[in-house]
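> need a 3D model of the sequence below.
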Amino acid sequence: MEFGTDQLNSFDTFTLDCWNNRVYYEGQEFPAGHFAAEILNYAGEVNGPLLERISTLTKLVSQTAKKGGKLLVKIKPLMQETVSWICTCPPFCYQDNQWQWRQFARAMDADQFELDRAELSEHLPLSFLSFSEHVLKILVAIYNFCLLTRAFEQKYLSGLEKRTESAFAEAAHNCFDEDVDFMDLQARMPFGEIEEFFSYPRLINGFSYIQDPNDKGRWITVQQVICKRLIDFYVFDLMNGLQHGHGPSRCRNCHRYFLTTTAHAPKYCDGIAPQNPAMTCRQYGAMMRQKEKNTEHPIYQLFATRTNTIRKHHQRGKIDGPLREAALRLAGEYRDKALLDRNYAADGYARDMELDHIYSEARKRLG
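As a prediction, the model looks like this:
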């Protein structure tokens with residue numbers, strides 16, 4: 001038996017196999033804390049579109065209880081769009097969601113709706129009601145977890161110099177056990193009573209015996225965690241990650257959340273930089289830091305002054321295009337030579353970077 005292959009995951013059951021600082025879900029391996037960090041990129045802003053979706057669906061389900069199947073035509077496309085969005089979120093994006101779509105089709109079938117409703121007198125059909133409740137609980141769980149965990153990350157984790165198990169434990173204690181503002185935020189959350197945030201998640205804890213993924217000849221005992229509530233799944237993954245020194249962080253470039261797994265506090269993620277798809281945020285951040293350093297370097301300062309003047313002379317018609325390009329290339333060569341040769345930087349660089357000299361040498365190259 002391999003990791004995650006026997007797990008039964010759906011809209012109301014979430015199972016993780018845990019071993020060391022790794023977790024296994026639907027046959028895939030992740031660092032502990034992966035799901036808790038990734039879901040922060042999906043929702044949680046106060047009065048955001050997810051909160052509006054929860055309110056709208058709650059009203060429509062309530063109205064359907066009164067008016068029957070006539071409102072199915074209105075609620076079906078909204079529910080279909082919602083389920084499609086849920087299937088893009090972790091952990092659902094790692095599931096085979098065919099069962100959920102079969103449940104959706106049954107719950108939204110008009111004929112089945114009326115048959116079920118007739119059997120239940122004036123009550124909502126069980127299939128429609130149970131499916132709608134699961135969908136709404138998922139939305140509320142994502143909203144509540146994101147809202148509170150973003151507040152935790154911003155106030156307590158983002159400023160940590162060392163992101164260790166001990167530092168995370170102290171931050172969690174200060175936030176979840178002592179912070180009056182955090183507790184007040186919990187109390188004021190819309191729909192907070194539906195999917196409550198607890199730092200001690202409610203779960204079924206057991207063990208499973210499986211083959212070591214790195215050595216098929218060796219068997220190991222892993223902790224198996226089953227959550228019947230989605231918010232408990234996220235909270236467990238968050239706390240399990242913190243226990244192993246893994247924590248969510250926010251990229252200073254793209255502003256997406258990502259998981260850190262080392263003690264130092266990186267500023268940038270490894271995702272694609274929005275400014276340049278050929279670079280990661282980490283690479284883009286390093287480039288920008290180097291540019292900031294360069295602006296303070298005397299060699300670069302003189303280079304920037306001269307090249308700006310050359311460009312202005314071209315704009316004002318004092319020099320033509322070919323001379324402009326030749327002069328800029330020559331200035332770049334002098335800059336690179338100065339960076340490699342300290343003696344030249346101290347004695348000859350400033351002299352060669354005089355405009356008259358640059359233009360004279362550039363004209364020679366143009367013939």
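> mind naming the longest strand for this structure?
For the chain, the longest strand by residue count, based on DSSP state E, is strand 215-227.
> quick one: stretch 70-85 to chain centroid distance?
In terms of C-alpha atoms, centre = their mean, to the nearest Å, the centre of stretch 70-85 is found 27 Å from the chain centre.
> same check on stretch 115-131?
39 Å.
> residues in contact with the longest strand of the chain?
Strand 215-227 is contacted from outside by 3, 13-19, 24, 201-212, 233, 236, using C-beta atoms under 8 Å, 6 or more residues apart in numbering. All C-beta atoms are positioned from the backbone trio N, CA, C, and that covers glycine.
> from the residues you listed, which land in strands?
Per DSSP E, strands hold the following members of these: 14-19, 24, 204-212.
> filter those down to the buried ones.
Neighbour counting with 16 or more other C-beta atoms under 10 Å marks Phe14, Thr15, Leu16, Asp17, Cys18, Trp19, Tyr24, Ser208, Ile210 as buried within these.
> distance of the fourth one from Asn240?
Counting by C-beta to C-beta, to the nearest Å, the gap between Asp17 and Asn240 amounts to 12 Å.
> what sits in contact with each of the two?
Val23.
> residue contacts, Ala286?
So Ala286 contacts Tyr268 (C-beta under 8 Å, 6+ apart).
> okay, it: pLDDT?
With respect to pLDDT, Ala286 has a value of 81.
> now whichever strand or helix holds it, how far from the chain's geometric center?
Assigned by DSSP states H and E, Ala286 belongs to helix 281-295. Remark: helix 281-295 is offset 23 Å from the chain centroid, using C-alpha atoms, centre = their mean.
> swap in stretch 142-161?
Between the centre of stretch 142-161 and the centre of its chain there are 12 Å (C-alpha atoms, centre = their mean).
> and if you look at stretch 324-332?
On C-alpha atoms, centre = their mean, the centre of stretch 324-332 falls 43 Å from that of its chain.
> same check, this time on stretch 170-184
Computed by C-alpha atoms, centre = their mean, the chain-centroid distance of stretch 170-184 equals 23 Å.
> run through who's touching it.
Taking contacts as C-beta under 8 Å, 6+ apart, the residues outside stretch 170-184 that touch it are Leu148, Ala151, Phe152, Lys155, Tyr156, Leu157, Leu160, Ser199, Met239, Leu242.
> on that earlier part again, return the member of the ones in strands among the contacts of strand 215-227 nearest to Ile86.
Closest to Ile86 out of the ones in strands among the contacts of strand 215-227 is Phe14 (13.0 Å), distances taken as C-beta to C-beta.
> which residues touch Met79?
Applying C-beta under 8 Å, 6+ apart, we find Met79 in contact with Leu57, Phe104, Met108, Ser132, Val135.
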